[in-house]
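Trainee: have a look; sequence and predicted model below, questions after that.
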Amino acid sequence: MDSIVLRVPELKRLVAALVRDKIDYVQVSLVDGDTVGGDTPPPSASFVGMRAGAEYELIDYDELEAVPTTEAAFNLL
């Protein structure tokens, strides 16, 4: 998986939280939807924030689920 589509309102809420928490850097990881017990969750993006000068103080934010392909009106290359 190279990319996913996220909802802008959810992304804006996450960015607002990063700004509120005074986060300087964020690591974004794309997470495949692995099948667990017969259920396959949608792909998602996970976010870990870090403040400058506090390298060992990581803040884990909620994952954002990908928009289902049936809802998104376009495909990404």
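Mentor: Received the coordinates, thanks.

Trainee: now do the SS call for the spatially most central residue of the chain.
Mentor: When Cα atoms, centre = their mean is applied to the chain, the residue found nearest the centroid is A45 (2.8 Å). Secondary structure state of A45, per DSSP: H, G, I helix; E, B strand; the rest coil, is strand.

Trainee: for it, which non-adjacent residue is closest in space?
Mentor: L64 (5.1 Å; Cβ to Cβ, 6 or more residues apart in numbering). In short, each C-beta sits where N, CA and C put it, glycine included.

Trainee: quick revisit: residues touching the residue nearest to the centre of the chain, list them.
Mentor: A45 is in contact with 4, 6, 28-31, 63-64, 66, counting by Cβ atoms under 8 Å, 6 or more residues apart in numbering.

Trainee: give me phi/psi at L18?
Mentor: phi -60, psi -40 (degrees, to the nearest 10).

Trainee: so it is in contact with D24, correct?
Mentor: No. Contact criterion Cβ atoms under 8 Å: L18 and D24 do not qualify, at 9.2 Å.

Trainee: higher neighbour count, the two?
Mentor: Remark: of L18 and D24, L18 carries more neighbours, 17 against 11, as counted by other Cβ atoms under 10 Å.

Trainee: what distance do you get for that one to P42?
Mentor: Separation of L18 from P42 (Cβ to Cβ, to the nearest Å) stands at 22 Å.

Trainee: could you do L6 as well?
Mentor: Taken as Cβ to Cβ, the span from L6 to P42 is 11 Å.

Trainee: and the pLDDT at A66?
Mentor: On pLDDT, A66 comes in at 92.

Trainee: same question, N75
Mentor: At N75, the pLDDT value in this model is 58.

Trainee: would you map the strands across the protein?
Mentor: Secondary structure of the chain (DSSP state E): strands located at 25-31, 44-50, 58-65.

Trainee: of the ones you listed, flag the one that's most buried.
Mentor: Most buried of those, by mean neighbour count (mean count of other Cβ atoms under 10 Å): strand 44-50, with a mean of 17.
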